[in-house]
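Q: take a look and give me a structure for this.
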Amino acid sequence: MCPNCGKLISIDESRCPYCHVKNPGSRWKNNAWTRGFQNPSQLIRAIIYLNIGMYVISLILKPTGTSLSMNPLTFLAPDDSSLILLGATGTVPIDYYYLYLKSKIGAAPLFIDHFPRWWTMLSANYLHGGVLHIFFNMMAFRQLAPFVIREFGPYRMFIIYTIGGIVGFAVSYLAGIRFTIGASAAVCSLIGATLFYGKSRGGIYGQAIYRQVGAWALVLFLFGFIVPGINNWGHGGGLLGGALLAYLMGYHEKSRERLVHKTMAGVCVLMTAAVLGLCLITGVYYLLT
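A: Down below sits the predicted model:
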């Protein structure tokens, strides 16, 4: 299969007869990154399972701080210290993590923790503050991701989810949000990409998609202004980030996924694995010392 367009071709072709990419049978173009996610539903499940796994770990690492309140908004809410250690973001975790360790944990900071923790803008997308928090985020992701994969492709969907979430938390950091977590910034980036798609495509189908998802976005922001503690800056930043990424990368009706998208998705996978691994290792280290 051509690593660029996915068409079945001969391995000896010097150029794909469909998309005209050079040397489609070369080994470096047919590695794990460029073959793609063979089953998009598995990609969706993997992201959901990763979010659930990080949530469970945040409960296990400091069980004495877990909220057992009957309030559904705070039921099974992890302790703030375990969330900060596992990669929560905001001005406090990014700029004052060293002071936090000295005052709250009493541990000697590792070398890496003397620097601003910019990588938490990625890790915070996989942390949640309670059962309802993760439930609604994953339900929204489960609804949006198949559509984005169908119109943009699995590689571009994962890029939008990862980079859009980072953009959302970067905006909330610049707005001075002290502490924030959740996949909602990344989910909002999928909403932003879908809004761009509907507006750009136009027609009856595009207008219907734009109106439906636009209503979701409106309800989301109204909910954010009514309920305290919602990071509207992160939601807005994620939405704008997703729309900008969709504009820059395009969708299937304009251009198919290319090698650059597959490479970028591979980089996002590596960044996610490295950042979450770093947060898990350092978090466990501080909680055990």
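Q: can you give me the end-to-end distance of stretch 216-236?
A: End-to-end distance of stretch 216-236 (Cα to Cα, to the nearest Å): 13 Å.
Q: please compute how far it lies from its chain's middle.
A: Counting by Cα atoms, centre = their mean, to the nearest Å, stretch 216-236 is centred 18 Å from the centre of its parent chain.
Q: tell me the mean pLDDT over that stretch?
A: Across stretch 216-236, pLDDT averages out at 86.
Q: cool, and stretch 113-125?
A: 91.
Q: one more: stretch 155-174?
A: For stretch 155-174, mean pLDDT rounds to 97.
Q: any idea how far it is from the chain center?
A: 6 Å.
Q: again with stretch 206-224
A: Distance of stretch 206-224 from the chain centroid (Cα atoms, centre = their mean) equals 20 Å.
Q: now that stretch: buried residues?
A: 209-210, 213, 216-217, 220-221, 224 (16 or more other Cβ atoms under 10 Å). From N, CA and C alone the C-beta is placed, and that goes for glycine too.
Q: same question, stretch 148-164
A: Those would be 148-149, 151-164, for stretch 148-164 by 16+ other Cβ under 10 Å.
Q: reformat the buried residues of stretch 206-224 as TSV; add secondary structure.
A: Below are the buried residues of stretch 206-224 laid out as TSV (DSSP: H, G, I helix; E, B strand; the rest coil):
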residue	secondary structure
Ile209	helix
Tyr210	helix
Val213	helix
Trp216	helix
Ala217	helix
Leu220	helix
Phe221	helix
Gly224	helix
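Q: now, the most widely separated pair of those?
A: Within the buried residues of stretch 206-224, Ile209 and Gly224 form the most distant pair, 22.5 Å apart (Cβ to Cβ).
Q: so which residues of the stretch 101-250 of the chain form helices?
A: Remark: helices assigned in the stretch 101-250 of the chain by DSSP state H, counting those that start in this stretch are 120-123, 131-152, 154-174, 184-201, 203-226, 232-249.
Q: what angle do the last one and helix 203-226 make?
A: Yep, that's helix 232-249 we're talking about. With axes from the mean of the first three to the mean of the last three Cα atoms, to 10 degrees defining the directions, helix 232-249 sits at 160 degrees from helix 203-226.
Q: what are the contacting residues of helix 232-249?
A: 152, 156, 159-160, 163-172, 175, 177, 180, 182, 184-197, 200, 217, 220-221, 224-225, 261 (Cβ atoms under 8 Å, 6 or more residues apart in numbering).
Q: now list the buried members of those residues.
A: 152, 156, 159-160, 163-172, 177, 180, 182, 184-197, 200, 217, 220-221, 224, 261.
Q: and this protein, what are its domain boundaries?
A: If you go by automatic domain parsing, the domain ranges for the chain are 1-30, 36-288.
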